[in-house]
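Student: okay, here's the prediction I keep looking at, along with the sequence it came from:
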Amino acid sequence: MKPEDIIQYVLQSYEGTVLHPNWGELGIFYNPEEKLTKGVYILTIKLKDGPNDQASNLNSDGVYRLNVAIEKDTFVKKFGSIPKRPLAGQTIEMDVNFAATDEIIPHPVYGWMSWISVINPSEQTFEELKPLIDEGYHLAVTKYKKKKI
């Protein structure tokens with residue numbers, strides 16, 4: 001899978017989604033009619049390491065990380081617990097190889113917010129991610145509706 005394929009799938013599959021570059025990432029937000037500046041995050045595609053997120057070794061050609069927000073209950077079922085928030089510039093404390101490719105793992109920095117990630121997902125792994133992306137979409141819609149617009 002290429003980042004463009006993922007972006008195209010999400011934008012075509014989910015109503016009210018928009019793409020915005022944000023913090024050195026490509027972010028897909030729920031923002032119908034673009035009433036908010038950006039919207040509510042559904043997922044991001046990180047193309048390179050940043051000063052506070054270097055655990056995935058993303059600075060190599062063709063390496064990217066797909067990150068998806070999911071429900072806390074789903075995160076706990078998948079990984080056993082929600083980790084504590086790390087200090088700035090650090091990763092969450094979980095027994096995970098944050099540079100592993102094609103494997104659904106906790107997000108190295110935002111796992112404490114129940115975000116997951118996959119470095120360079122294959123088509124098969126992307127199929128496994130689709131229900132989680134769907135969950136992330138519905139989570140964003142719920143958060144959006146709670147905002148006073």
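Tutor: Ah, there it is.
Student: tell me where the model's unsure across this protein.
Tutor: Judged by pLDDT under 70, the chain has its weakly predicted residues at 149.
Student: how about 90 then?
Tutor: Judged against pLDDT under 90, the low-scoring parts of the chain cover residues 22-24, 33-35, 37, 49-55, 57, 60-61, 88-89, 147-149.
Student: now do the strands in it.
Tutor: Under the criterion DSSP state E, strands of the chain are mapped to 17-22, 25-30, 40-46, 65-69, 105-106, 115-119.
Student: using CSV, write out every CA atom in the second one.
Tutor: Only the C-alpha atoms of strand 25-30 are listed here, as CSV (Å, rounded to 0.1, in the frame of the first residue of the first chain):
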residue,chain,number,x,y,z
GLU,A,25,2.0,14.6,8.6
LEU,A,26,-0.9,14.1,6.2
GLY,A,27,-4.0,14.2,8.4
ILE,A,28,-7.5,13.0,7.5
PHE,A,29,-10.1,14.8,9.6
TYR,A,30,-13.9,14.6,9.9
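Student: excluding its backbone neighbours, what's nearest Val10?
Tutor: On the basis of Cβ to Cβ, 6 or more residues apart in numbering, the spatially nearest residue to Val10 that is not a chain neighbour turns out to be Ile28, at 5.2 Å. No exception for glycine: its C-beta is placed from N, CA and C like everyone else's.
Student: who's in contact with the one you found?
Tutor: Contact criterion Cβ atoms under 8 Å, 6 or more residues apart in numbering gives 7, 10-11, 17-19, 41-44 as the residues in contact with Ile28.
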